[in-house]
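# structure for the following, please:
(one chain, ligands or ions: 1)
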Amino acid sequence: MVFSSAAVGHVGAAAAGGTGSAAWGQLQTAMGLAAGALVVGQVLAPVQRMLAWVIQYRVDADIYRRLMATNYSAPGIAVMERPEVRSALDEAVAGMRRFATPGAAAAASLTLLARYTGFVGALALIGVRFSWLGAAAAGIGGLVLRVTHRRGANAYSTAIVDTIAQRRRHFFLSDQCLSPAIGKESRVFGLAGWLADRGEEEGLGYFRMLWGIRSGAFIRPFVLAATVTTVGGALALAGLAWPAVGGGLSVGSTMLVAQAVIGALGIGASFDESDYIISYGLTCLRHIEQVEAATAAAQPVPAADGLPAVPAPPVAESIRFEDVVFAYPGADRPVLSGFTLDLRAGTSLAVVGVNGAGKTTLIKLLCRFYEPQSGRISVDGADVRDFDAAQWQRRVAAVFQDFGRYPLSAADNIGFGAAELVADRAAVARAAERVAAAGFLEGLDRGLDTTLSRKYQGGTDLSGGQWQRVALARAMLAVDGGASVLIMDEPTASMDVRAEAEFIDNFLDLTRGTTTVVVSHRFATVRRADRIVVLDGGRIAEDGTHAELMELDGQYARMFALQSARFAVAAGAGTENGS
Ligand SMILES: Nc1ncnc2c1ncn2[C@@H]1O[C@H](COP(=O)(O)OP(=O)(O)OP(=O)(O)O)[C@@H](O)[C@H]1O
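Numbering: from 1, shown residues only. Predicted coordinates:
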């Protein structure tokens, strides 16, 4: 801007003096410098982009580390299940997937810094070449609009946090309805029309809400600020007109100052490449800080003996639940009340009971995802709270109902059971063999190296029962890696009758000597366990072997008879049909 204005200023004298004049030389120098400045600007632009990318990458990598550390900072999951913490975490994760991450905000600040540098330079130029009063008028005019934009962007990104519920409903209807699972259901239930109408209704409601926030944050304050900016700019330019017309300022200087005034007023524009990115990035950061504050406030469970936590040893003799009382946070009734159970090491225990009896809760307590409100869980006489929680969790190999399905190779899916065995192909193959998963895994295109997800080239998906066996293989590997309690929540739920029979025949024999807890509604699965307990009303209602409980003729015997009768009816119907 300076060099091009200087060049324009020299044009008149150069034209009058001719090619040999001093003015001609000055014109050439000014034009050469203007061209040089243009080239430097072109070279610096990619350097600035690269620097911005590095800043973004470094900041986001650090934020991801913080998110992971926060998520796994507590051994328990109660904090993360609190609705406001879950919601903040979901928003933080969604924010990290958008273009406006905290890293992008940091990089965008660099662009903003360049804009402010230009602004200060323009003001200095107006002050030095024309008047400091003119610089103040242009500066105030530009800054008023700038502050209004920034406040608007901040108010918008803060207010939008309160629309989470509406946003979720809108996106559920518009996005998730396009998922394969809901696509199947909406076809068979004829839901497509209803979903489209509800999606439109929710979408319009959501956008009306956004419009309300936008007009409150931008339109009204903007009208006032634009007036101040117009007045400031007009004063500066009108003031410039007097000396320009009166001959007090050369043409070049007038052009230069006029461009500087317009440049200074430009700071009031909305910078799409930085303003929103900074606001959204900071909102994402606020969500992360909210989760961090919640996890930091969750007090770590003090060791029962008041001493520092000790390493968790393998279970040698028994695990005992001693008069345990547990209610979920916010629940008015306990799931377990006065629950007592002695589980001998090296034996298998099956837990049965109606839906909601507390079977899975029992497992979560054993894993120390929650702590009982009273009573204790002990291992060989020592309170589990005396153990390092993370180490104790490594002693437990669990297959939950919602086990992980990693979109990675079959070998990794099994290997994740024990970090130190993940690369041990023989150990992984052995674990697959033990749960009868080796056959179908070896049959895949790339065997154990096949990616278990259709979303990747050459990847494949497994059936529910096959996935379940992969999860069981993972738990088996965990046992090989040092876990001493094997827990399975509904391990055969997705298996067909033949696979279940095969599993039961082999599994309890293969795991003999390992302390095993099986939760199941399938009596064929539980009947071969060394011991069976029936959970009812938060306590153990019946306790014994299959034969003992059948002899007792109580709840277990009734449930068993009911399930066997249903199988007998089904088998009879099959025979009648000639099958
Ligand atoms: N995270 C949770 N927060 C609050 N309540 C919960 C939570 N998880 C389970 N519950 C409640 O605790 C009770 C016991 O649930 P649990 O999952 O332990 O039962 P279950 O015996 O395993 O049932 P099912 O046979 O259906 O799997 C239920 O009333 C359930 O609604």
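
# quick one: the helices in the stretch 351-500 of the chain, in order.
Taking DSSP state H, counting those that start in this stretch, the helices of the stretch 351-500 of the chain run over residues 359-366, 389-394, 410-415, 425-434, 438-442, 464-480, 497-510.

# chain center to the second one: distance?
Meaning helix 389-394. Helix 389-394 sits 24 Å away from the centroid of its parent chain (Cα atoms, centre = their mean, to the nearest Å).

# check which residues of that helix are buried.
For helix 389-394, burial by neighbour count (16 or more other Cβ atoms under 10 Å) applies to A389, W392, Q393, R394. The way it works is simple: take the backbone N, C-alpha and C, and place the C-beta from them, glycine included.

# export these to a markdown table and tack on pLDDT and distance to the ligand?
Below are the buried residues of helix 389-394 laid out as a markdown table (pLDDT from 0 to 100; distance: Cβ to the nearest ligand atom, whole Å):
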| residue | pLDDT | distance to the ligand |
| --- | --- | --- |
| A389 | 85 | 19 |
| W392 | 90 | 20 |
| Q393 | 90 | 18 |
| R394 | 89 | 23 |
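
# now do S4, the pLDDT please.
Residue-level confidence at S4 comes out at 60, pLDDT.

# same question but for F218, I mixed them up
With respect to pLDDT, F218 has a value of 74.

# that one reaches Y156, doesn't it?
Yes. Between F218 and Y156 there is a contact under Cβ atoms under 8 Å: 7.4 Å.

# neighbours of R512, just the number please.
Counted with other Cβ atoms under 10 Å, residues neighbouring R512 total 12.

# what does V223 give?
When neighbours are counted by other Cβ under 10 Å, V223 comes out with 10.

# repeat that for K184.
By other Cβ under 10 Å, 10 other residues sit near K184.

# any low-confidence regions in this protein?
Counting by pLDDT under 70, the ranges of the chain that qualify are 1-12, 14-15, 27, 41, 176, 244, 247, 299-308, 505, 565-579.

# okay, which residue is most central for it?
The centre of the chain sits closest to V93, judged by Cα atoms, centre = their mean, with a distance of 3.2 Å.

# distance of that one relative to M68?
As judged by Cβ to Cβ, to the nearest Å, V93 and M68 stand 11 Å apart.

# now do G459
According to Cβ to Cβ, G459 stands 25 Å off from M68.

# before we move on, back to that, tell me the most buried of the helices of the stretch 351-500 of the chain?
With neighbours taken as mean count of other Cβ atoms under 10 Å, the helices of the stretch 351-500 of the chain reach their highest mean count in helix 410-415, at a mean of 25.

# now the residue of the stretch 1-150 of the chain found nearest the ligand, nearest residue through space, not along the chain?
Going by Cβ to the nearest ligand atom, the ligand is nearest to E81 of the stretch 1-150 of the chain, at 5.3 Å. Closest residue to E81 apart from its sequence neighbours, by Cβ to Cβ, 6 or more residues apart in numbering: P329 at 7.5 Å.

# same thing with C367?
Nearest to C367 is V396, by Cβ to Cβ, 6+ apart, at 5.4 Å.

# quick one: contacts for that neighbour?
Applying Cβ atoms under 8 Å, 6 or more residues apart in numbering to V396 gives the contacts L366, C367, A483, V485, I487.

# what's the single longest helix in this structure?
Across the chain, the longest stretch assigned as helix under DSSP state H is helix 22-71.

# tell me what that helix is packed against?
Helices and strands touching helix 22-71, by 3 or more Cβ pairs under 8 Å, 6 or more residues apart in numbering; DSSP states H and E, are helix 2-17, helix 83-97, helix 102-129, helix 275-297.

# right, and the helix or strand after that helix?
Downstream of helix 22-71, the next assigned helix or strand under DSSP states H and E is helix 78-81.

# contact partners of that following helix?
Residues contacting helix 78-81 (Cβ under 8 Å, 6+ apart): N71, A74, V85, R86, L89, A294, T295, A298, P329, F369, Y370.

# who wins on neighbours among those residues?
When neighbours are counted by other Cβ under 10 Å, L89 leads these with 22 neighbours.

# quick one, what contacts that one?
L89 neighbours (Cβ under 8 Å, 6+ apart): N71, M80, H287, V291.

# got the phi/psi numbers for R368?
When read as degrees, to the nearest 10, the backbone of R368 gives phi 60, psi 40.
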